[in-house]
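Undergrad: Need a 3D model of the sequence below.
(one chain, ligands or ions: 1)
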Amino acid sequence: MTDFKEYTAAEKQAVSDINKCSSADELENIRVKYIGRQGLLKDLFSQMGKSPEKERPARGRELNRIKKKLTDLMEKRKSEFVSSCKKEDIFDPTLPPPLIERGKIHPVRKVLNEVENIFRSMGFGVAYGPDVETEYYNFTALNIPENHPARAMHDTFYVKGYKNTLLRTHTSPVQVRVMEKKKPPYKFIAPGRCYRRDTVDASHLPVFHQVEGLMVDCNVTFADLKGVLHLFAKRMFGSKVKTRFRPSFFPFTEPSAEMDISCGICKGKGCPSCSYKGWLEILGAGMVDPEVFSHCGVDSDKWQGFAFGMGIERIAMLKYDIHDLRLFIQNDLRFLKQF
Ligand code: 2U9
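TA: Numbering: from 1, shown residues only. Here you go, the predicted model:
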């Protein structure tokens, strides 16, 4: 009888290793050790050549039986590891990549672009200026008195360590800078970010966006102001929208006015969105004050101009019936995807 003691010992050890192993990686090491190309079984097959010739067929059959048994057992263990593994732990490089949620243009940027396109189509240019400004360009040149509350520390972000330096509270300094440099006539808008020292709530953000505009020529009147802003409202909110102008006050314009549009939700009848007034305030405007012209080196006997300003978040809220400013800064795709 051929003696398979050595084979049986190897088989027993291999079966025990396979049963004890606790991961697919460990199992792979065991496979290499026993049935790999340089594994123990391969050695035993090689040594068979040294045994008596008549024993060899029986030894071969026995080694093949062991090899098959170990292979089957390892397959079984491997499938156990795979099925106990969480789906996301299995890396399959042949699969397409997971879907990455796509972003969208932010509603504030969308409205800014729309406003810009409307004014461009009326022949307005676009001007930009710095976010960090001086008191002179932000307040003094605009005829805002020294004791005006907007200049107070609790309303404006002043830059620590730099005298008379602040984050602009409106984009008006852009118009001052253009007027200082260029000779009229001109008409342009100044879009951009503005900063006011407010605590975040449904109707306040410390960082917000404005579009201001200025048109200066030798025969500009309040009728031009009304015509341009009425056309803007129709293009922005639909051709059926009505506008009205109410008297107001700004230090940089005289006379000054605020423009309302008819409420798009109740069509002017009165509803919760317009506080039952039928009208919604969308912007402020007026004829440039001669005092501002003189600060900017523009001769007010020769030139007249109108200016206006609007908050972009407010326009977006009215256009899309949004009731809380905080939604604009939360980056929630469920909100952003709606526009
Ligand atoms: C120059 C001369 C005049 C810009 C103007 C307004 C009226 C206005 C507000 C709208 C909502 C600011 O964001 S808001 O709170 N703005 O009502 N802005 S006229 O007038 C200028 C600007 C620059 C040289």
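
Undergrad: If we ignore the residues flanking it in sequence, what's nearest residue 246?
TA: The shortest distance from residue 246 to any residue other than its chain neighbours is 5.1 Å, reached at residue 258 (C-beta to C-beta, 6 or more residues apart in numbering). Bear in mind the C-beta positions are built from the backbone N, C-alpha and C, glycine included.

Undergrad: Identify the bridge partners of that neighbour.
TA: residue 246, residue 284 (DSSP bridges).

Undergrad: And for the one 4 residues further on?
TA: With DSSP bridges as the criterion, residue 262 is bridged to residue 279.

Undergrad: Would you mind measuring from it to the ligand?
TA: Plainly put, residue 262 is 19 Å away from the ligand if you go by C-beta to the nearest ligand atom, to the nearest Å.

Undergrad: got the contact list for that residue?
TA: The neighbours of residue 262, taking C-beta atoms under 8 Å, 6 or more residues apart in numbering as the test, are 241-243, 268, 278-280.

Undergrad: Roughly how far does whichever residue of the chain sits closest to the ligand sit from residue 316?
TA: Closest approach of the chain to the ligand (C-beta to the nearest ligand atom) occurs at residue 284, with a separation of 1.8 Å. Taking C-beta to C-beta, to the nearest Å as the measure, residue 284 and residue 316 are separated by 17 Å.

Undergrad: Look up how far residue 82 lies from the nearest residue to residue 196 once chain neighbours are set aside.
TA: What sits nearest to residue 196 in space, not counting adjacent residues and going by C-beta to C-beta, 6+ apart, is residue 169, at 5.4 Å. Going from residue 169 to residue 82 by C-beta to C-beta gives 63 Å.

Undergrad: Pass me the low-pLDDT residue ranges in the chain, would you?
TA: Within the chain, the ranges that satisfy pLDDT under 70 run 1-2, 85-89.

Undergrad: Leaving aside the residues adjacent along the chain, what's closest to residue 289?
TA: Computed as C-beta to C-beta, 6+ apart, the closest residue to residue 289 that is not its neighbour in sequence is residue 254, at 4.7 Å.

Undergrad: my read is that neighbour is in a helix, agree?
TA: No - when classified by DSSP: H, G, I helix; E, B strand; the rest coil, residue 254 is found to be strand rather than part of a helix.

Undergrad: follow-up on the earlier one: and which of the contacts of residue 262 is nearest to residue 28?
TA: The nearest member of those to residue 28, counting by C-beta to C-beta, is residue 280 at 69.9 Å.

Undergrad: Could you count how many residues lie near the closest one?
TA: The criterion is other C-beta atoms under 10 Å. On that basis, residue 280 has 19 neighbouring residues.

Undergrad: Offset the numbering so it begins at 34, please.
TA: Sure thing, new numbering starts at 34, so read that last one as residue 313.

Undergrad: Assess the claim that it and residue 307 are in contact.
TA: Yes - judged on C-beta atoms under 8 Å, residue 313 makes contact with residue 307 at a distance of 5.4 Å.

Undergrad: Can you check which residues contact both of these two?
TA: With contacts defined as C-beta under 8 Å, 6+ apart, the residues adjacent to both residue 313 and residue 307 are residue 296.

Undergrad: Around the ligand, pick out the residues from the stretch 84-233 of the chain.
TA: Applying the criterion C-beta under 6 Å from any ligand atom, the portion of the stretch 84-233 of the chain that neighbours the ligand consists of 175, 203, 205, 208-209.

Undergrad: right, and the pair among those residues with maximum separation?
TA: Based on C-beta to C-beta, the longest span within these runs between 203 and 209 and measures 10.9 Å.

Undergrad: where do the helices sit along the stretch 234-372 of the chain?
TA: Under the criterion DSSP state H, counting those that start in this stretch, helices of the stretch 234-372 of the chain are mapped to 255-270, 323-328, 345-353, 366-369.

Undergrad: what about the strands in the stretch 34-183 of the chain?
TA: Listed in chain order, the strands of the stretch 34-183 of the chain (DSSP state E, counting those that start in this stretch) span 158-159, 165-167.

Undergrad: Comparing those strands, which comes out most buried?
TA: Most buried of the strands of the stretch 34-183 of the chain, by mean neighbour count (mean count of other C-beta atoms under 10 Å): strand 165-167, with a mean of 19.

Undergrad: That one pairs with which strands, and in what direction?
TA: Strand 165-167 has the following sheet partners, assigned by DSSP bridges: strand 198-200 (antiparallel).

Undergrad: part of a strand, is the residue nearest to residue 229?
TA: No - Residue 202: not assigned to a strand; according to three-state DSSP it is coil.

Undergrad: related to what we said a few turns ago, isn't the residue of the chain closest to the ligand up against residue 288?
TA: No - Residue 317 sits out of contact with residue 288 when judged by C-beta under 8 Å, with a separation of 11.8 Å.
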